[in-house]
Structures are given as structure tokens and as C-alpha cells.
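Q: Here's a sequence, model it:
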Amino acid sequence: MTDTPLTDTPLTDTPLTDMPVTDVPTTGTYATPDLRARAQLDRLAHDRAALRRAAALGPPRADERRALRSAFLAVHADAVYAEVTEEYTRRLRLAELAESAGAAFPGLLPTPAELASDQRLPQALKEGHEIDLGIFFGAVLHAPAAGRHLMGTMLRPTSRALELLPRYTAVGAADLGSVRIERRDGVARLTMCRDDCLNAEDDRQVDDMETAVDLALLDPAVELCLLRGGVMTHPRYQGRRVFSAGINLKSLHAGGISLTGFLLRREMGYLHKIWSGLRTGEDGAWPPPVRTKPWVAAVDGFAIGGGMQLLLVFDHVLAADDAYLSLPAAQEGIVPGAANFRLARYTGPRLARQIILEGRRIHATDPEARLLVDEVHPAEELDQAVEDSVARLRGQAVAANRKMLNSAEEDPDAFRRYMAEFSLEQAQRLYSTDVLTKVDRFTTKSTKSTEGSTRPGAAPPG
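A: Prediction:
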């Protein structure tokens, strides 16, 4: 690292990877804060101009563009975030933040037209512009002030949930498409109902799930929340409940699983809200601006991939005795969300590696399942067991104590730093050769055998 800002030499003449960057502008040993601030602004303006010139580079120099963007964000991530959020006064969710930053800093991010063009293509034919989004979100999340503000923003209720809230609170039910929510006896009952594809998740289901979680947490008449899979129409599981088959591989192959709308939003949105609670205001407000409630999950059939990840943020998990859990993401070539961050707390590091790296299945009747599941019951007795567990978790002090347990168990800054690394790692994984090959193969198998949209063999024997 040097004290020289990004080069003044035209970008077409100098390799971008040779452009030095500095952590702090050189303003002299006895520089005043005002001089330092002026130097930082000058440096930002200079480097911004370099980015603008880089925007004219074509696809053959994508790696060099990324090197420049990474170098720029290593120095200016906080300044970029402060500018586009108007000094932290605007709450911009992931997609809005990327769009605003791209408009304010030409060359920093792919253009909306580039992203839209990629979005229409199968995964194997995309240019990989989401890698640049991964660079951007990773840098923002690594910056403590900007990252904390963004994490807090993603804990706010969505505009869709706020729009639906008056009618939902009046009637106590909402059908969101892939998720249904019903309030009954003080319990918000969320049912995943993608019955044709075994509740395999895509961008649409992530949006529906976050909306349902928001409604449950905002509803003053709800004391606790229950999540369960609905009855399937999928040929192999017709008439049976299924919890979740994880990521929808058919959608991934078709280019329908996005970094921003699925992979990041899922972890920073509804999973994080289940764990940490919903934020309805700023710190220091009264009453405290966080709404948190106990969560119960009931696993019928299987909880694969993202389904198993869900269980790691729940307070109480029940399973049918013929159910199993698995995280096959490494075999598929991707990172299983925040499971790498949370799983070892439940299982210890050795079993966590067996599950994540080797794809080991944990059956509900295995001794190891007791580390992940609180109760196991015969399938025909699960309905009553669920009602019994819900009754035990009632009480105002339950929510307060689960909040304190979660605060002690997971450091928000550690999670933020994990998500910074995850943003970049998962973005690269999406466009790796092994992922594209495996997803194509898995989708072909699934289509031939079931005309479905889930994992190879659509999963589970049964």
C-alpha cells in the first residue's frame, strides 16, 4: 500500500491491477481534522473519476475492472455508503442500495441494463455481473459503520408487509402465494405451500416468507410462531406434508436464483428476523424498537439444505420419526447460507464438517439428531405433539428469555463479518464451472424422473 491515489494515467494505458491504493490520505504529521477530511474528499473525487473511465472497458477486462472496484471499495466503502444513504438517514435495502450506488458512482457496479440482461438468461449463459455485486456488498458489510447500518436496515419490515398488515390484523389470515399465515389462539401458523416442488425455495418464496415473518412479528395478537410444510401435490409425495427441499435447482439452472433477492436477502432478511427480531425504529427509542417472539418448527419428511438452515434459528424443533436433515450444498458447489456460521454451535465442529463437507444425512432417529431436534414423534402423533409444544412456550417471559439467550449466543458483528465473506464467496460460487455443470445434471435428472424442480431424484426415498 502506498500514499498515492489511483493513477491519473488513462485506464486504457495502465493495467488496473497495478493501480496503488492507500488506507489513509497523506496529509502530514500535524494535519488537522479539517485538512484530513478535505484530503479524503479530494481522494474520493480523484478515485471516482478513475472508476468513471473504467466504466468504458469491455467484458475482456472484467477481472481488471473488478480489481479496480475492489481497490476503490477497500478505501471508500464507508464514504460510498454515507453518500447514497445521505449520511445514514435513508434506509436502503440491498437492491435499492446497489442501484443508488451504481447511479452515484458510475463504474462501481454493473448498470441496471447489464443486470437486467443477465437476469433473463440461464445461469450458464450469464456474464457474471453478480460477482461485482458480491464485491460491493462484501465491502459494505466489512465496513463496521456501514455494515451495521445495512444489517439493521434489513431487519426492518418490508413495504409489502406494511401494506398487507391492516387487512391481515383484521382477518387474521393471508395467502401470500407460496406461504400462508393464519393467526389462531395467539399463534401465527406459517405454512409453506409450494406443493408442486416440495417447498423448494426461489426468489418468490423468499419474498413471501419474509412478508409472513414480518406479519407474524408485527401482529400484537400473536404470542408465538409456528412453521410447518403443507400437504404436497408432487407425484412422489402427494397427500403428505413436506417441510422443505431447500434451494430450487431448476430455478438456479434457469437463472432465477439471484444473489440479492435470494441468497443475501434470505440470510439478512427473514432468517435474521426470526433470530434477532424485527426492528421498527431507531436505537434509543421507547418502547424498544425490536419485536421478537418464540419460533417452533415441525419437520415432516425432510429438511434439506435451506430447510435445515432454517432449523438453526428456531427455539424448538419437532420432527416425525421418518424425517431426515441434510446440507448437500457442498456437493452442489455452493455455500449453505449461514449454516457454516451456526451449525457447529449445535453439533460441534467434527459433526458439522461431516454434514457440510461430506453431505452426511441426519435421520430423526439417529442419536446425533438430538443435537438438532428437540422432539421426535411417530408421524401420526406429530400434530398433537406440535400443539403440546406450542402450549409450553406460551408466556411473556419466554420471548424475553429467548431474546437474551440469542444475544449471548451470537455476536451481531461476527455475523456481519461472516455475511461480508459470504457475499463474495457465494457470488463467485454461482458462476463456477462445477456449479453450472452440477445444476445442469441435477435438473436433467429431476425433470426426467418427476418433472419437478427439486434436488436429484427429488430427494428422498419414501
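
Q: From now on I want contacts and neighbour counts done on CA atoms only, so please keep to that.
A: Will do.

Q: Could you pull out the helices in the stretch 351-462 of the chain for me?
A: In the stretch 351-462 of the chain, the helices defined using DSSP state H, counting those that start in this stretch lie at 382-392, 396-409, 412-430, 433-450.

Q: Among those helices, show me which one is buried the most.
A: Ranked by mean neighbour count, the helices of the stretch 351-462 of the chain are led by helix 412-430 with a mean of 19 (mean count of other CA atoms under 10 Å).

Q: Could you give the average pLDDT over that helix?
A: The average pLDDT within helix 412-430 is 97.

Q: could you dump it to CSV, C-alpha only?
A: C-alpha atoms of helix 412-430 as CSV (Å, rounded to 0.1, in the frame of the first residue of the first chain):
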residue,chain,number,x,y,z
PRO,A,412,-24.0,-9.4,15.7
ASP,A,413,-20.7,-8.2,14.5
ALA,A,414,-19.4,-11.7,14.0
PHE,A,415,-22.5,-12.4,11.9
ARG,A,416,-22.0,-9.2,9.9
ARG,A,417,-18.4,-10.2,9.1
TYR,A,418,-19.5,-13.7,8.1
MET,A,419,-22.0,-12.2,5.7
ALA,A,420,-19.3,-10.0,4.2
GLU,A,421,-17.2,-13.0,3.4
PHE,A,422,-20.3,-15.0,2.3
SER,A,423,-21.4,-12.2,-0.2
LEU,A,424,-18.2,-12.5,-2.2
GLU,A,425,-17.7,-16.3,-1.8
GLN,A,426,-21.3,-17.2,-2.8
ALA,A,427,-21.2,-14.7,-5.8
GLN,A,428,-18.2,-16.5,-7.2
ARG,A,429,-19.6,-19.9,-6.5
LEU,A,430,-22.7,-19.1,-8.5
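
Q: Centre of the chain to that helix, how far?
A: The chain centre lies 9 Å from the centre of helix 412-430; the measure is CA atoms, centre = their mean, to the nearest Å.

Q: Which other helices and strands does it contact?
A: Here helix 412-430 touches helix 130-142, helix 144-153, going by 3 or more CA pairs under 8 Å, 6 or more residues apart in numbering; DSSP states H and E.

Q: Return the most buried member of the ones you listed.
A: It is helix 130-142: most buried of these by mean count of other CA under 10 Å, with a mean of 25.

Q: in the stretch 201-350 of the chain, which spans are strands?
A: 224-229, 278-279, 290-291, 295-299, 302-304, 316-320, 324-326 (DSSP state E, counting those that start in this stretch).

Q: With distance to V386 added, can I get these in TSV?
A: As requested, the strands of the stretch 201-350 of the chain are exported to TSV (distance: least, CA to CA, whole Å):
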stretch	distance to V386
strand 224-229	9
strand 278-279	25
strand 290-291	23
strand 295-299	7
strand 302-304	16
strand 316-320	7
strand 324-326	17
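
Q: For the ones you listed, which has the smallest mean pLDDT value?
A: For these, where the average pLDDT is lowest is strand 290-291, sitting at a mean of 92.

Q: So what touches it?
A: With contacts defined as CA atoms under 8 Å, 6 or more residues apart in numbering, strand 290-291 is touched by 217-218, 277-281.

Q: Looking at these, which one is closest to A339?
A: G277 (18.8 Å; CA to CA).

Q: give me the number of residues near that closest one?
A: The number of residues packed near G277 is 22, by other CA atoms under 10 Å.

Q: cool, and the one 3 residues further on?
A: Neighbourhood size, T280 [other CA under 10 Å]: 16.

Q: likewise E86?
A: Neighbours of E86 using other CA under 10 Å come to 11.

Q: and if you look at Q309?
A: Neighbours of Q309 using other CA under 10 Å come to 24.

Q: What sits closest to it if chain neighbours are left out?
A: Spatially, and ignoring its direct neighbours in sequence, Q309 is nearest to A339 (5.7 Å; CA to CA, 6 or more residues apart in numbering).

Q: one step back: right, so of the helices of the stretch 351-462 of the chain, which gets closest to L263?
A: For L263, the closest of the helices of the stretch 351-462 of the chain is helix 412-430, at 8.0 Å, according to CA to CA.

Q: now the angle from that closest one to helix 130-142?
A: 170 degrees (axes from the mean of the first three to the mean of the last three CA atoms, to 10 degrees).
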